[in-house]
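**Q** structure for this input, please:
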Amino acid sequence: MNEILEQKHLALLNEAERRATAPTHNIRACFELLTLASAIDRDCAARLAPHRLSESKFVLLFLLHDRPEGRSPHELAERAGVTRATITGLLDGLERDGFIARRGGLDDRRKVAVILTEAGQKTARDLFNEHTEWVASLFEGFADDERKTLNMLLQRIWQNLEAGRLKGGRQKDARA
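**A** Take a look at the predicted model:
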C-alpha cells in the first residue's frame, strides 16, 4: 500500500529494500504508523484552525476551563509539558485573540494568574464536545478486544523504543 505512505517514507523504504540491511516489513509498519499520526495531526489542526487555535492553545483552554481563579503561567507550562518560553508565546496569542486575560494576584501583584475570558469559556465548552467526539470517531467500529490488542501492540512498540534508547546510551558510553 505505497499510496498511504508519505513520499519521504516511501523513498527511505525503497532505499532500505535496495540495500536489504533490515526487515523492510518492520520499517513499512513504522512508516505507516508515522503517516497515520501525521494525518491525525493535520486533521486536528484543520479542525482547530477556524477557531484560531493550535493544539497547544486548545490544551491551555482546557487547563483553564472550570478554573475561575486561573492558573499561573508556570503551572500551565508544567501541566501542558512546554517550556516557559513556549508558554509565553502561546499565552500572548490567546490573549491577542481574546480567549484569556492575565491578572495580578490578589496577595502578590508580582504573581500573574491566567484566566479564561467569556469568549474563552464558550470556545472551550463548545470545542471540548466536538473534539472528543471526533477523536472517539477515529476508533469507530473497533470491538473492545481490537482496541485492547492495539493498545498492547503500541505498548510493545514503546518498550522496543525504550530498549533502543537504553542500548544506544550504552553504545555511546562504550565509545567515550
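**Q** give me the domain ranges for the chain.
**A** Per automatic domain parsing, the structural domains of the chain span 1-51, 52-134.
**Q** return the distance of the longest one from the chain's centre.
**A** If I follow you right, that is domain 52-134. 16 Å (C-alpha atoms, centre = their mean, to the nearest Å).
**Q** measure that domain end to end?
**A** Domain 52-134 has an end-to-end distance of 18 Å (criterion: C-alpha to C-alpha, to the nearest Å).
**Q** for the longest helix seen in the chain, the averaged confidence score.
**A** Counting residues, the longest helix in the chain under DSSP state H turns out to be helix 144-175. Here helix 144-175 scores 84 as its mean pLDDT.
**Q** starting at the chain centroid, how far to that helix?
**A** What separates the centre of helix 144-175 from the centre of its chain is 19 Å, taken as C-alpha atoms, centre = their mean.
**Q** dump the domains of the chain into CSV; add mean neighbour count as well.
**A** For glycine as for every other residue, the C-beta is placed from the backbone atoms N, C-alpha and C. Compiled in CSV, these are given as follows (neighbours: other C-beta atoms under 10 Å):
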stretch, mean neighbour count
domain 1-51, 13
domain 52-134, 15
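**Q** lowest average pLDDT across those domains?
**A** Among those, domain 1-51 has the lowest mean pLDDT, at a mean of 88.
**Q** spell out the residue ranges of the helices in the chain.
**A** Going by DSSP H, the chain shows helices at 7-19, 24-48, 55-64, 73-80, 84-96, 118-137, 144-175.
**Q** could you dump these to JSON lines with distance to residue 111?
**A** Listed next are those as JSON lines, based on distance: least, C-beta to C-beta, whole Å:
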{"stretch": "helix 7-19", "distance to residue 111": "46"}
{"stretch": "helix 24-48", "distance to residue 111": "30"}
{"stretch": "helix 55-64", "distance to residue 111": "16"}
{"stretch": "helix 73-80", "distance to residue 111": "10"}
{"stretch": "helix 84-96", "distance to residue 111": "14"}
{"stretch": "helix 118-137", "distance to residue 111": "20"}
{"stretch": "helix 144-175", "distance to residue 111": "38"}
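**Q** residue 112: which of those helices is closest?
**A** Nearest to residue 112 among the helices of the chain is helix 73-80; the distance by C-beta to C-beta comes to 6.2 Å.
**Q** between that closest one and helix 84-96, how many degrees?
**A** With axes from the mean of the first three to the mean of the last three C-alpha atoms, to 10 degrees as the basis, helix 73-80 and helix 84-96 are set at 100 degrees to each other.
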